[in-house]
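**Student:** missing the sequence, but the structure's below:
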């Protein structure tokens, strides 16, 4: 029998994203070269929210892009074939401070693929990672720079992130069998 536990409510998620945006600003130094790249699907919506919050904090419009990593994955046999989305990076990444944005970090394979994809669009000054949830269990030596919620999990548990833009509501759940 499955058990579902709410990890973050919509209000808690809003506060968490506000804190993440503040951390990006505080550690960012000169923000004139900052860009946000959301990883499809939910990372794109999260990068929009973070960009909007940074705009409120700093009166600065941060360029945003959307990154599809489908063809850079090394585990398509495990995750299944997907219909690729369109990568949208309407600016050169050379010399930029790139913050990759994703909903959950688990094995690190998605981020490894994203790093390979980013390099195709220029040579950034730095690449950092912001995630809403870090659930542990890395298979690769990749760590997030900005973490909304650290959530130790068992390998057989699932973290489900729901976003208004994608799912019609905001919530994070932990599902265990």
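**Tutor:** Received it, and whenever you're ready, just let me know what you need. None of these values were measured; they are calculated from a predicted model.
**Student:** Report the central residue of the protein.
**Tutor:** residue 102 (1.3 Å; CA atoms, centre = their mean).
**Student:** For the residue of the chain most remote from its centre, report the pLDDT, please.
**Tutor:** Distance from the centre of the chain peaks at residue 1, with 30.5 Å (CA atoms, centre = their mean). If you check residue 1, the pLDDT there is 82.
**Student:** Would you map the helices across this protein?
**Tutor:** All helices of the chain, identified by DSSP state H, fall at 10-28, 42-58, 76-79, 109-119, 164-167.
**Student:** which residues does the closest residue to the residue nearest to the centre of the chain other than its chain neighbours contact?
**Tutor:** Nearest non-adjacent residue to residue 102, counting by CB to CB, 6 or more residues apart in numbering: residue 43, 4.1 Å away. From N, CA and C alone the C-beta is placed, and that goes for glycine too. For residue 43, the contacting residues are 67, 100, 101, 102, 103, by CB atoms under 8 Å, 6 or more residues apart in numbering.
**Student:** from those residues, which is closest to residue 58?
**Tutor:** Residue 58 lies nearest to residue 101 out of the contacts of residue 43, by CB to CB, at 17.1 Å.
**Student:** residue contacts, residue 143?
**Tutor:** Contacts here follow CB under 8 Å, 6+ apart; on that basis residue 143 touches residue 129.
**Student:** what's the spacing between residue 134 and residue 149?
**Tutor:** 7 Å (CB to CB, to the nearest Å).
**Student:** So for those two, which residue has more residues nearby?
**Tutor:** Taking other CB atoms under 10 Å, residue 134 and residue 149 do not tie; residue 134 has more neighbours (22 against 18).
**Student:** Excluding sequence neighbours, find me the nearest residue to the residue farthest from the centre of the chain.
**Tutor:** residue 177 (7.9 Å).
**Student:** and the one you found, how far is that from residue 105?
**Tutor:** From residue 177 to residue 105 the distance is 22 Å (CB to CB).
**Student:** Now do the residue nearest to residue 102, the pLDDT please.
**Tutor:** Residue 43 is given a pLDDT of 98.
**Student:** isn't residue 71 right next to residue 84, touching?
**Tutor:** Yes. Taking CB atoms under 8 Å as the definition, residue 71 is a contact partner of residue 84 at 6.8 Å.
**Student:** Residue 69 contacts residue 110, doesn't it?
**Tutor:** Yes. In this structure, residue 69 is within contact of residue 110 by CB under 8 Å, at 6.4 Å.
**Student:** Pull up the overlap in contacts between these two.
**Tutor:** residue 39.
**Student:** about what we covered before: how much space separates the residue nearest to residue 102 from residue 36?
**Tutor:** Distance from residue 43 to residue 36, by CB to CB: 9 Å.
**Student:** so what sits against both of those two?
**Tutor:** In contact with both residue 43 and residue 36: residue 101, using CB under 8 Å, 6+ apart.
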